[in-house]
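Asker: sharing a sequence plus its predicted fold:
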Amino acid sequence: MALMRGFSKVDEEGRITIPDEIARFSKLYPGSTAGMIVLRIKGTARFPHLVIHRPDNIPYISMLEVIMKKSQTEVDEQGGVPLSEEIMQGLRLESGYLVEFKIHGARGQHWVVVHNRGPWRETTLQQRTGHKKVQKWRKVEINY
């Protein structure tokens, strides 16, 4: 069960910025070292996901997950985490893509799970299809 979630966009340099509340809750402060694990769920066509954790807090990995890549990085001053080219390819991410952050774990031992949510879209589906907003209420004048 996710305790908290947030969103970010992959920038041109392949870096994702962890939202402040999530970084504070998982204790991933600027300048700290963070471990990264790319996981895939066995037997599914789902995109792999990334787990970011403190080195002293190893996340729980279920028997249905396969470790594809492990690495370490440092959280920069803006709360960003640089992703290597191998991790970007493993997660099927490109610059401009939207990622979703979720907090997992219990009792102060939290880690961040990052999911690929596809290309960033500035508009909604209704705006792209030209759907007009239907007014549900109409004014009726009553004369006594």
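Answerer: Yes, it's here.
Asker: alpha carbons only for contacts and neighbour counts from here, please
Answerer: Fine.
Asker: tell me which stretches of this structure form helices.
Answerer: Applying DSSP state H to the chain gives helices spanning 20-25, 85-91, 125-129.
Asker: what's the closest of those to Glu12?
Answerer: Taking CA to CA, helix 85-91 is the member of the helices of the chain nearest to Glu12, at 12.0 Å.
Asker: can you give me the buried ones in that closest one?
Answerer: Ile87, Met88, Gly90, Leu91 (16 or more other CA atoms under 10 Å).
Asker: ok, now which ones touch the closest residue to Thr17 other than its chain neighbours?
Answerer: Nearest non-adjacent residue to Thr17, counting by CA to CA, 6 or more residues apart in numbering: Gly80, 3.9 Å away. Applying CA atoms under 8 Å, 6 or more residues apart in numbering to Gly80 gives the contacts Arg15, Ile16, Thr17, Ile18.
Asker: tell me how far Gly80 lies from Ser32.
Answerer: Using CA to CA, to the nearest Å, one obtains 11 Å as the distance from Gly80 to Ser32.
Asker: again, but for His49
Answerer: Distance of His49 to Ser32, computed by CA to CA: 22 Å.
Asker: next: Gln126.
Answerer: The gap separating Gln126 from Ser32 is 42 Å, by CA to CA.
Asker: higher neighbour count, the two?
Answerer: Between Gln126 and Ser32, counted using other CA atoms under 10 Å, Ser32 has the larger neighbour count: 15 against 10.
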